[in-house]
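Novice: Give me a model of this one.
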Amino acid sequence: MRQEAIRLLQSGKTVVLVPTMGYLHEGHLALMREGQKHGDALIVSIFVNPKQFGPAEDLQRYPRDLDRDMTLAESVGVDVVFAPEARAMYEEGFQTHVDLELLPRHLCGPSRPNHFRGVATVVAKLFNIMRPQVAIFGEKDYQQLAIIRCMVRDLSFGTRIIGVPTVREPDGLAMSTRNTYLSEDERRSALSLSESLQQAQKAVAEGISDSADLTRSTSGLIGSYPHTRIDYVALCDPDTLEEVDRVDGPTLMALAVRVGGTRLIDNAILKPIED
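Specialist: Numbers count the residues shown, from 1 in each chain. Predicted coordinates:
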């Protein structure tokens, strides 16, 4: 992969990378289509990264279907697929990791310790292997996107990071590989995430700005659905991810909710009415 990346770069190509964990869906394909707008050679990585899974998480049962992924990648014009095995990415004796100090303390960080260390480490390795000028990430994983942007800036990678808006099912559910875990009843309850974000957006547009009020109403709506258990409902500064008391400007509302045994995340930027 490194040799192919060097060949592409030396031939004057602008290399664009879309990192994924595979089992591709329309959300991933939207990232690839966006990637085609920003370069000449589109590379997709498919790697279920063990470093970002906790001991009790779903590493072993995470869906995998490389043949299907290759067909989908080809259908949108991907030039190169990089699908390494874990032992190639993390050779015996591997001991180097990328840690960020502040951003991982918020949102998913407390309930998923070491998750973002694994994310930052694998993305740093992918960037070092492929030297992409551009990399594409989804805004559904907002904290991940913020962490990657910070890492790239702090470590002077020189890669331009582009975020792509969340792709949703027709009923509003944010597309996610983990949606495949949901039963029919749980799938209906999962709609509480997008519905509560819409409710919050409407409330802010009507002039409600107190974070406690917005959090309370959002939690109430989610809790009114069966099978739901809230990990967090947070209103944050979009850059620092620190929680805010009021929605006085563009503010991130981020959700993590267990629906049955499946942990789902979603988010939206709430914008107050202008005077």
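Novice: For the chain, give me the ranges with low pLDDT.
Specialist: Counting by pLDDT under 70, the ranges of the chain that qualify are 275.
Novice: so where do the strands sit in it?
Specialist: 15-20, 41-46, 80-82, 134-138, 160-164, 228-236, 251-259, 262-270 (DSSP state E).
Novice: Could you tell me how many residues sit around the nearest residue to Q143 once chain neighbours are set aside?
Specialist: The shortest distance from Q143 to any non-neighbouring residue, by CB to CB, 6 or more residues apart in numbering, is to L107 (4.9 Å). Where you see a C-beta, it was placed from the backbone N, CA and C, and this is true even at glycine. Per other CB atoms under 10 Å, the neighbour tally for L107 reads 25.
Novice: Pretty sure L107 sits against A234.
Specialist: Yes: between L107 and A234 there is a contact at 6.0 Å, judged by CB atoms under 8 Å.
Novice: Find the residues that touch each one of these two.
Specialist: Each of A254 lies in contact with both L107 and A234 under the rule CB atoms under 8 Å, 6 or more residues apart in numbering.
Novice: Spit out the contact partners of L9.
Specialist: By CB under 8 Å, 6+ apart, the contact set of L9 is 15, 131.
Novice: What distance do you get for it to T177?
Specialist: With distances taken as CB to CB, to the nearest Å, L9 is found 31 Å from T177.
Novice: Out of the strands of the chain, which is closest to L214?
Specialist: The minimum distance between L214 and the strands of the chain falls on strand 228-236, with 6.3 Å, by CB to CB.
Novice: which residues are in contact with that closest one?
Specialist: 106-108, 111, 189, 192, 196, 211, 214-215, 218-219, 222-223, 242-244, 247, 251-259, 263, 270.
Novice: Counting neighbours, which bits of it end up buried?
Specialist: Burial within strand 228-236, assessed by neighbour count using 16 or more other CB atoms under 10 Å, is assigned to 228, 231-236.
Novice: out of these, who's nearest C150?
Specialist: Distances from C150 to the buried residues of strand 228-236, taken as CB to CB, are shortest for C236 (14.6 Å).
Novice: For the closest one, give the beta-bridge partners.
Specialist: Note on C236: beta-bridge partners E243, L252, judged by DSSP bridges.
Novice: Correct me if wrong: A203 contacts T215.
Specialist: No: the pair A203 / T215 is not scored as a contact, 11.0 Å apart, by CB under 8 Å.
Novice: give me every residue that touches R263.
Specialist: Applying CB under 8 Å, 6+ apart to R263 gives the contacts 178, 231, 256-257.
Novice: now T177: how far from K140?
Specialist: Applying CB to CB to T177 and K140 gives a distance of 11 Å.
Novice: Enumerate every residue touching the closest residue in space to V80 that isn't next to it in sequence.
Specialist: Nearest residue to V80 in three dimensions, chain neighbours excluded: I43, at 4.5 Å (CB to CB, 6+ apart). By CB under 8 Å, 6+ apart, I43 lies in contact with 5, 15-18, 78-82, 130, 132.
Novice: Kindly report the same for A200.
Specialist: Counted by CB under 8 Å, 6+ apart, A200 has contacts 214, 217-218, 253, 268, 270.
Novice: Please apply the same query to S219.
Specialist: Residues in contact with S219 (CB under 8 Å, 6+ apart) are 230, 233.
Novice: separation between it and N49?
Specialist: 31 Å.
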